[in-house]
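K.L.:
this one's structure only:
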């Protein structure tokens, strides 16, 4: 390696600081950077460091530092919800990022320690062991404490045809494939490694073949065309979160939503369905028949999917409902997987007694999860059965899959309020996760977001249209 100021600085850094930098570089595969090849190269460096950790304890520290850098960069948007009401919550923002990144990094620490225990130091087999242990740790963080599968390694491929592997091997299989693709490049970093050029060539060919296979799979899914395609109108009112519930702004955003709903039809005909975003009603569902009638009238005979709050036997729910063409409230789905510390505060009655509440709660109190997942049946309108996902639920692969005993849906609808997440990485990454769900299930997905990114996504994860 050439002797430069940068290399001298790098050599002076301790292994943990190097691991933080490598982990931060691994995050480059996620939006807004979307550079998965940097993720693979940085991951190969992490595999090399894991192979040379002298003990499981030291390897755990390296894994934690690597995870800290990775999650801190990937999830830097997590500070945005605390800035909506900066006077009350702004001071929490840096603590939230550090605690979130540091906590998730513990899963990586366990993976690195387990790999060090399974294989000897300096052996490439330790890197191979990390393929297994890191995949298992990512699976674990997707379910433990209700789970948080945001920023899975496999999702770095969302802008490439390699995302199509998610349809065959699932999100965690795609993550394992990502680590496996980095393994040959880590081998050549070992001192005394032979046939470096051959190993790099093998790694490059493997990556190329995976991309080619993904491209062929993507081409096998017909691209959407205008002819014969149903017209779905997505309403994006762009209600900034800090303004959304101000008394003088409520009628502004309400009228804007109605105006967008009743806008003149385009050349491809009137909409057969209108979709509003999460919590788009300013009143509780079922308490505003005149407002429901106004929605139906604006939709011009098409059903409208809306997001609302409602009380069900004394419990506040985050709901998706259908406003029928006659103005009546049709089918309702209550959000099953709520956001911890956002829509509710873990701890139940103890948290309530201490006055702790989630960021997204209001004077109505915290939300209660719905009883079960369900489909929205729109067959009477010629739209088949839709699987509803509300905001956070779309980050979970298991929620986009058909539950036991549930018929396979014809398409997926996600309503969300990404105004909480700022204007850059958060909404873009959330969109990318929705695209991965479409790929995994082989279903089109309709996404209505309050401030964007609203989109129509085809079964190959391609954006048919977006705002």
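P.N.:
Yep, it's here. Note that the structure is predicted; figures quoted are calculated from it, not measured.
K.L.:
tell me which stretches of the stretch 151-300 of the chain form helices.
P.N.:
In the stretch 151-300 of the chain, the helices defined using DSSP state H, counting those that start in this stretch lie at 166-187, 196-219, 241-244, 250-261, 289-299.
K.L.:
tell me the pLDDT at the residue nearest to residue 381 when sequence neighbours are not counted?
P.N.:
Sequence neighbours aside, residue 303 is the residue nearest to residue 381 in space, at 5.5 Å (criterion: CB to CB, 6 or more residues apart in numbering). For glycine as for every other residue, the C-beta is placed from the backbone atoms N, C-alpha and C. As predicted, residue 303 sits at a pLDDT of 98.
K.L.:
same thing with residue 184?
P.N.:
Confidence score, pLDDT, at residue 184: 90.
K.L.:
please identify the deepest-packed of the helices of the stretch 151-300 of the chain.
P.N.:
Mean neighbour counts were compared across the helices of the stretch 151-300 of the chain using mean count of other CB atoms under 10 Å; the top stretch is helix 166-187, at a mean of 22.
K.L.:
tell me what that helix is packed against?
P.N.:
Here helix 166-187 touches helix 36-51, helix 124-141, helix 196-219, helix 425-441, going by 3 or more CB pairs under 8 Å, 6 or more residues apart in numbering; DSSP states H and E.
K.L.:
from the chain's centroid, how far away is the first one?
P.N.:
Computed by CA atoms, centre = their mean, to the nearest Å, the chain-centroid distance of helix 36-51 equals 23 Å.
K.L.:
now the element after it, going C-ward?
P.N.:
The helix or strand immediately downstream of helix 36-51 is helix 56-74, counting by DSSP states H and E.
K.L.:
got the buried residues for that next one?
P.N.:
Buried residues in helix 56-74, counted by 16 or more other CB atoms under 10 Å: 56, 58-74.
K.L.:
with stretch 215-234 instead?
P.N.:
217-218, 221, 224, 232-234.
K.L.:
after the lowest-mean-pLDDT helix or strand in the chain comes which helix or strand?
P.N.:
The weakest-scoring helix or strand in the chain, judged by mean pLDDT, DSSP states H and E, is helix 348-353 (a mean of 52). On the C-terminal side of helix 348-353, the closest following helix or strand by DSSP H and E is strand 376-377.
K.L.:
which other residues reach that following strand?
P.N.:
The contact list for strand 376-377 (CB atoms under 8 Å, 6 or more residues apart in numbering) reads 305, 320, 322, 331, 333, 385-388, 413.
K.L.:
so which of these are in strands?
P.N.:
305, 320, 322, 331, 333, 385-388, 413 (DSSP state E).
K.L.:
and those as JSON lines, adding distance to residue 38 and neighbour count?
P.N.:
Converted to JSON lines, the ones in strands among the contacts of strand 376-377 look like this (distance: CB to CB, whole Å; neighbours: other CB atoms under 10 Å):
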{"residue": "305", "distance to residue 38": "39", "neighbour count": "28"}
{"residue": "320", "distance to residue 38": "38", "neighbour count": "29"}
{"residue": "322", "distance to residue 38": "44", "neighbour count": "21"}
{"residue": "331", "distance to residue 38": "45", "neighbour count": "17"}
{"residue": "333", "distance to residue 38": "39", "neighbour count": "24"}
{"residue": "385", "distance to residue 38": "41", "neighbour count": "16"}
{"residue": "386", "distance to residue 38": "37", "neighbour count": "26"}
{"residue": "387", "distance to residue 38": "34", "neighbour count": "28"}
{"residue": "388", "distance to residue 38": "36", "neighbour count": "27"}
{"residue": "413", "distance to residue 38": "34", "neighbour count": "24"}
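K.L.:
just give me the closest of these to residue 138.
P.N.:
residue 387 (24.0 Å; CB to CB).
K.L.:
surely the residue nearest to residue 381 and residue 330 touch.
P.N.:
Yes - proximity of residue 303 to residue 330 meets the contact threshold set by CB atoms under 8 Å, at 7.2 Å.
K.L.:
follow-up on the earlier one: figure out which of the helices and strands packed on helix 166-187 is closest to residue 266.
P.N.:
Nearest to residue 266 among the helices and strands packed on helix 166-187 is helix 425-441 (23.1 Å), distances taken as CB to CB.
K.L.:
how far does the closest one sit from the chain's center?
P.N.:
With CA atoms, centre = their mean, you get 5 Å for helix 425-441.
K.L.:
direction included, what does whichever helix or strand comes after it pair up with?
P.N.:
Next in sequence after helix 425-441, counting helices and strands by DSSP H and E, comes strand 445-449. Partner strands and pairing direction for strand 445-449 (DSSP bridges) are strand 411-416 (parallel), strand 455-457 (antiparallel).
K.L.:
surely residue 316 forms part of a strand?
P.N.:
Yes - membership of residue 316 in a strand is supported by DSSP: H, G, I helix; E, B strand; the rest coil.
K.L.:
any low-confidence regions in the stretch 1-150 of the chain?
P.N.:
Scanning the stretch 1-150 of the chain for pLDDT under 70 picks out 1-13, 122-124.
K.L.:
re earlier: would you turn the helices and strands packed on helix 166-187 into TSV with distance to residue 111?
P.N.:
Formatted as TSV, the helices and strands packed on helix 166-187 follow (distance: least, CB to CB, whole Å):
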stretch	distance to residue 111
helix 36-51	9
helix 124-141	4
helix 196-219	21
helix 425-441	22
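K.L.:
of all those, which one is nearest residue 25?
P.N.:
In terms of CB to CB, the element of these nearest to residue 25 is helix 36-51, at 3.8 Å.
K.L.:
domain parsing for this protein?
P.N.:
The record's domain parsing of the chain by the TED database lists 12-220, 232-466.
K.L.:
and the helix ranked longest in the chain, how far from the chain's centre?
P.N.:
In the chain, with assignment by DSSP state H, the single longest helix is helix 93-118. Remark: helix 93-118 is offset 19 Å from the chain centroid, using CA atoms, centre = their mean.
K.L.:
so it versus helix 124-141, what angle?
P.N.:
130 degrees (axes from the mean of the first three to the mean of the last three CA atoms, to 10 degrees).
K.L.:
and helix 93-118, what does it pack against?
P.N.:
Counting by 3+ CB pairs under 8 Å, 6+ apart, helix 93-118 packs on helix 36-51, helix 56-74, helix 80-83, helix 124-141.
K.L.:
pull out the buried residues from the shortest one.
P.N.:
With burial defined by 16+ other CB under 10 Å, the residues of helix 80-83 counted as buried are 80-82.
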